[in-house]
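Enquirer: with the sequence up front, the predicted model follows.
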Amino acid sequence: MSIRSVFAVLTLAAGASFVHAHGDVAPQPVNTDALPALEEEWLIENPYRADAVGEDVWKAAVDIGASGYNQNCARCHGLEAISGGLAPDLRFLEAEEYGDEWYVERFREGYTQNGITKMPAFGELLGQEAAWAIRTYIETRPDDQAIVDVAGELKEMRDQLAAWGSTGEAGDVEALKTRMSEIAGEIETLSGAPVADSVAYRAAAQIDDTPASLTKAAQTLTVGLSAAN
């Protein structure tokens, strides 16, 4: 077992004892129509990783998982999966079969301690597609400190994009996008997943040669950098 595995297990075990009971919270449905349907039998490894289904499906899983996580998990596990200390920090759960097995068992069965529901069982209520979409979102969370380290440069890019978008007179957009993509590639996940769905990654993907795209990317950077702070 790797060091990250040991750390994840200790973190999850310790955090679980401090989770407030939330069995009274009704799980919110997650629309997974955009994802490939899975067989009835539950898998033990995430089927929505990019190397298995391609980038487009992976991106859809991240987006759907974000919605599902925010509706059902953020209350205890924290916004952007950054735990406030009351629940396990799921970002450290390894993006491989070992972490998947732990995750899907807890998702399906929930967690009860001394007769008190610390985490409800989501399996039958939300289904397997929603489970793995949420898992995909969680494992692609970026290292928040890495974003802080590049926040200054990203803010300069945001201001430049906003100016270009408002005037319609853009400079070297391609060079800016290339540099932003380089920054995105340097931001790692805490799970070991190969791609971090960071604010730099999302903004770079939105940029094309239209003023509207530049404004949208600037807005994405504004929201993402505010959350990072």
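Expert: Arrived safely, thanks for sending. Residues are numbered from 1 along each chain as shown.
Enquirer: strands of the chain, residue ranges please.
Expert: 111-113, 116-119 (DSSP state E).
Enquirer: residues of the first one that come out buried?
Expert: Under the neighbour-count criterion of 16 or more other Cβ atoms under 10 Å, strand 111-113 has Y111 buried. Placement of C-beta: from N, CA and C, glycine included.
Enquirer: any stretches of the protein with poor pLDDT?
Expert: Where the chain drops to pLDDT under 70, the residues are 1-25, 229.
Enquirer: let me know the outermost residue of it.
Expert: E169 (34.1 Å; Cα atoms, centre = their mean).
Enquirer: that one and Q160: what is the separation?
Expert: 12 Å (Cβ to Cβ, to the nearest Å).
Enquirer: nearest to G85, of the strands of the chain?
Expert: Minimum separation from G85 across these (Cβ to Cβ) falls at strand 116-119, 14.7 Å.
Enquirer: which ones are touching the residue nearest in space to the middle of the chain?
Expert: Of all residues in the chain, the one closest to the mean position by Cα atoms, centre = their mean is Y137, 3.3 Å from it. Residues in contact with Y137 (Cβ atoms under 8 Å, 6 or more residues apart in numbering) are 61-62, 64-66, 68-69, 81, 197.
Enquirer: can you list which of these are found in helices?
Expert: Among the contacts of Y137, the members found in helices (DSSP state H) are 61-62, 64-66, 68-69.
Enquirer: now, of those residues, which are buried?
Expert: Here, 16+ other Cβ under 10 Å leaves 61-62, 64-66, 68-69 buried among the ones in helices among the contacts of Y137.
Enquirer: with respect to Q206, which of these is nearest?
Expert: For these, the nearest to Q206 is V62 (14.4 Å; Cβ to Cβ).
Enquirer: re the thing from before, quick one, which of the strands of the chain gets closest to E101.
Expert: strand 111-113 (15.1 Å).
Enquirer: tell me who's in contact with A196.
Expert: By Cβ under 8 Å, 6+ apart, the neighbours of A196 are 140-143, 146, 184, 187-189.
Enquirer: in a markdown table: these, plus neighbour count.
Expert: Putting those into a markdown table (neighbours: other Cβ atoms under 10 Å) gives the following:
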| residue | neighbour count |
| --- | --- |
| T140 | 27 |
| R141 | 24 |
| P142 | 24 |
| D143 | 16 |
| A146 | 19 |
| A184 | 22 |
| I187 | 21 |
| E188 | 15 |
| T189 | 21 |
